[in-house]
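Enquirer: below: sequence and its predicted model.
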Amino acid sequence: MSGRIKTIEQQIAGMRADWPLFRVRKPDRHSAVWTGELKPQFSKYRIEIRYALGDFPEVRVLAPELTRLPENPEGPLPHVYRPLTDPTLCLFDPATDEWDGSMLISRTTIPWSIDWLTFYEFWLMTGSWSGGGRHPEPSHQRAEAQQ
């Protein structure tokens, strides 16, 4: 999967070509932040993607606020990275090399975000996450399970 790492300029050009309504800002020459709207099925979501060379893209839903279901057996908000006050979406498993810097964010992270939001909408309706995937347990849960 791994090829030549895309530069920030290449990532920006890819987003501009594939998702022209997303806005971009460059905090520095090694990173970019995009904001834009996606409408998977029923609702429109404003998302933010943060990316720095050498890291994984991080996706947050800015609006509307994601609904939590505190009594849900899969957790109040499944397939996100903590903290729950500012969660990032769990779009791929970093341990299995599903994403690397040679890939365009516009062709991976955005479609995966649409999929995540679709599964989220159905999770709200059914209480069951149908998106599959493996999500690592938070470290404090692993520690409690080992005691």
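Expert: The structure has been received and is ready for your questions. Keep in mind it's a predicted model, so treat the numbers as computed, not measured.

Enquirer: wait, isn't Pro94 in contact with Phe56?
Expert: Yes. Here Pro94 reaches Phe56: they are 6.1 Å apart, a contact under Cβ atoms under 8 Å. C-beta here means a position set from N, CA and C on the backbone, and glycine is covered the same way.

Enquirer: mind checking the longest helix of the protein?
Expert: Ranked by residue count and defined by DSSP state H, the top helix of the chain is helix 109-126.

Enquirer: what does that helix contact?
Expert: Under the contact criterion Cβ atoms under 8 Å, 6 or more residues apart in numbering, helix 109-126 has outside partners 15, 18-19, 38, 40-43, 45, 47, 49, 57, 59, 61, 66-67, 69, 74, 78-79, 89-92, 99, 129-131.

Enquirer: let's go with 6 Å and repeat that
Expert: By Cβ atoms under 6 Å, 6 or more residues apart in numbering, the surrounding residues in contact with helix 109-126 are 19, 38, 40-42, 45, 57, 59, 67, 89, 91, 129-131.

Enquirer: distance of the closest residue to Lys44 other than its chain neighbours relative to Ala52?
Expert: Nearest non-adjacent residue to Lys44, counting by Cβ to Cβ, 6 or more residues apart in numbering: Glu37, 5.4 Å away. Distance of Glu37 to Ala52, given as Cβ to Cβ, to the nearest Å: 23 Å.

Enquirer: ok, now Thr118?
Expert: Distance, Thr118 to Ala52, by Cβ to Cβ: 27 Å.

Enquirer: quick revisit: looking at Pro94 and Phe56, which is more packed in?
Expert: Phe56 (17 against 12; other Cβ atoms under 10 Å).

Enquirer: that one - that's part of a strand, no?
Expert: No. Counting by DSSP: H, G, I helix; E, B strand; the rest coil, Phe56 is located in no strand; its state is coil.

Enquirer: where along this structure do the helices fall?
Expert: Applying DSSP H to the chain gives helices spanning 8-18, 109-126, 139-146.

Enquirer: which one of those lies nearest to Thr85?
Expert: Among the helices of the chain, the nearest to Thr85 by Cβ to Cβ is helix 139-146 (15.7 Å).

Enquirer: how about low-confidence regions in this protein?
Expert: Where the chain drops to pLDDT under 70, the residues are 1-2, 134-147.
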